[in-house]
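Enquirer: Return a 3D structure for these sequence lines:
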Amino acid sequence: MNATDIVSRFTIGTQIIKGTNYVFEDMPYWDKEKKNSRHKRNYIGKMNGEEFIPNKNYLTRQKATVAGAVSNELVEDKQIVFAERKLAGGIYLLDKIANKLGISADLERAFGNSYSDYLSLAYYLILESDSPMYRFVHWATTHDISNNNLSSQRISELMDSIPETGRMSFFRLQANRHYENEYLAYDTTSISSYSEYIKAVRYGKNKEGDPLPQVNYALIFGEKSGLPVYYRKLPGNIADVSTVRKLLIDTSFINLKNPKFVLDRGFYSAGNITALYKKYTKFLIGAKWNTKMIQENFSTAKEQFGKIKNFDTKHMLETATVITKRQVSEKLSRNIYIHYYYDEKRASDEKLKFKKMLIETKEMAENNNSINETQQKILNKYFILKNKKYTFNQVVIDSHFENAGCFALVTNDIKSAIDAIEIYRRKDDVEKAFANSKERLEMRRTKVSSDSVLDGRFFLQFLALIFLSHIRNVMSEKNLYKKYTLQELLDEIDVIEKCTFNNKINYSEITTKQREIFDAFEFDSPSLL
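Expert: Next comes the predicted model:
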């Protein structure tokens, strides 16, 4: 007898307990006290490979069922049937996306037969927000997932054994499909860790103020495709500014031809700009205001501020561009564009905040309250101390206000200040991707116990992030956020059931809302199959 021979009016599932694959019926019932629907399991046998071995209770029940069905008549044969009903709408959508983006094909090329396990776990991370991996088996009993027997131990083994060669192959295959002549946003984030056994965990500058040691996570994200391209793990004490040169090497490994990068101020340094020039890489980078090149050219830019022709109504900014030379080597110099911006509202807010801070610092000092190191530097720079009284150094304060509301971008490629600010602000997609990873994909703090398992976990989360990014892209393009949050959209379609009876498949009724969602993704709804 195999699994298809099981006779039951309940959903059939399997569970591995101490190495044995047991078969159970998922039996729903109404809890009168808690007033909600609950489930209990009735174990009916076990699987020996593909063969179902029933237990005594199941055989006894089957004899009674057959006896009652035939009454007193003799029946030469009894047709045994298989019936199953599982949630399938969310998985159906993800399968369609996996085929459209080439994820399934690229995973199979990179990893062979293991690819379906990775997909199943990525689906779980997407559809079950914030759920730990050990609950996968429970989730799989109610969902139409082919790999429903992945125990917690098996999942750990999978994450521990994802080969680096396969990962890099997958990055390259996906980049060849989706990467076009676009700017790639690059950024890093810190992920706190409880583990003492992960080599990359270090105490560093945690971007969210978490006191735990951390591991850093770097991500490249395509601005036009709206999809993540590549990630890598970094030691927790590595500063952003020191990662750019390694980034240029990594992009050559995954065959990104003529990449262009948009980077925030944390990556700005003279050495990085020189390295980008030497690799013939186009870039757009947020500038640090107090650097020599930015300060030396600001006076030229200020002459352009205040002119109506330099005011952009879309972004509500005054703009100015200065073209200067960058010495790349002893004998070689190249043009570099410095785009300056003045934001009047930002200037007003900065001035108000700074004045408030000066007054509060002065009052604390005069009342003999304890002063920290930062406050002492403010006192030394912006005040004059005479007869134990602090007076404002107005000349220095006025000089500080000259830069209020100003910021700059540096590029070797983009001549228009407006084009530059629009590309730079699209970098927000990377920050949203990090937010997705941390919140929805359970990455705020990692609890894994080894480097190899952490590598595997990061890869599964990266897979899930590709799907989530595509879903968000479609939701933005088709204005679905007016009706749903991402979770609400997934919940709306996840309740669609797939019904299997004697190897015949049918889906439950599709509502108007569900059909509209599949139409937005340009997929046929399951009811049309």
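
Enquirer: C-alpha coordinates for stretch 133-152, CSV please?
Expert: What follows is the C-alpha trace of stretch 133-152 in CSV, where atoms were taken according to Å, rounded to 0.1, in the frame of the first residue of the first chain:
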residue,chain,number,x,y,z
MET,A,133,12.4,27.6,10.9
TYR,A,134,11.4,24.9,13.4
ARG,A,135,7.7,25.6,12.6
PHE,A,136,8.1,24.8,9.0
VAL,A,137,6.9,21.2,9.4
HIS,A,138,3.7,22.4,11.1
TRP,A,139,3.1,24.9,8.4
ALA,A,140,3.8,22.4,5.6
THR,A,141,1.0,20.1,6.8
THR,A,142,-1.6,22.7,5.8
HIS,A,143,0.0,24.1,2.7
ASP,A,144,0.5,22.6,-0.8
ILE,A,145,4.2,22.3,-0.5
SER,A,146,6.0,19.3,-2.0
ASN,A,147,8.8,19.2,0.5
ASN,A,148,6.6,18.9,3.6
ASN,A,149,8.9,16.5,5.5
LEU,A,150,11.8,18.9,6.3
SER,A,151,12.3,18.5,10.0
SER,A,152,14.1,21.1,12.0
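
Enquirer: what about residue 368, how many neighbours?
Expert: 7 (other CB atoms under 10 Å). Where you see a C-beta, it was placed from the backbone N, CA and C, and this is true even at glycine.

Enquirer: Now do it against residue 388, distance only.
Expert: When CB to CB, to the nearest Å is applied, the distance between residue 368 and residue 388 equals 10 Å.

Enquirer: Then residue 355?
Expert: Residue 355 is 23 Å from residue 388, where distance means CB to CB.

Enquirer: which of those two has more neighbours?
Expert: In this view residue 355 and residue 388 are compared by other CB under 10 Å, and residue 355 has more residues nearby, 13 against 7.

Enquirer: quick one: which helix or strand includes that one?
Expert: helix 344-366 (DSSP states H and E).

Enquirer: Ok, residue 15 next?
Expert: Under the criterion DSSP H and E, the helix or strand holding residue 15 is strand 11-17.

Enquirer: For residue 367, grab phi and psi.
Expert: Note on residue 367: its backbone torsions stand at phi -90, psi 10 [degrees, to the nearest 10].

Enquirer: Next one: it, what pLDDT does it get?
Expert: pLDDT recorded at residue 367 is 84.

Enquirer: Residue 376 versus that one, what's the distance?
Expert: As defined by CB to CB, residue 367 lies at a distance of 15 Å from residue 376.

Enquirer: Report the contact partners of residue 297.
Expert: 322, 324, 338 (CB atoms under 8 Å, 6 or more residues apart in numbering).

Enquirer: Among those residues, name the buried ones.
Expert: Burial by neighbour count, judged by 16 or more other CB atoms under 10 Å, picks out 322, 338 from the contacts of residue 297.

Enquirer: any chance of the contacts of residue 297 in a markdown table, with pLDDT and distance to residue 150 too?
Expert: Formatted as a markdown table, the entries for the contacts of residue 297 read as follows, by pLDDT from 0 to 100; distance: CB to CB, whole Å:
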| residue | pLDDT | distance to residue 150 |
| --- | --- | --- |
| 322 | 93 | 58 |
| 324 | 90 | 58 |
| 338 | 95 | 54 |
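
Enquirer: Would you format the contacts of residue 297 as CSV with secondary structure included?
Expert: Putting those into CSV (DSSP: H, G, I helix; E, B strand; the rest coil) gives the following:
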residue, secondary structure
322, strand
324, strand
338, strand
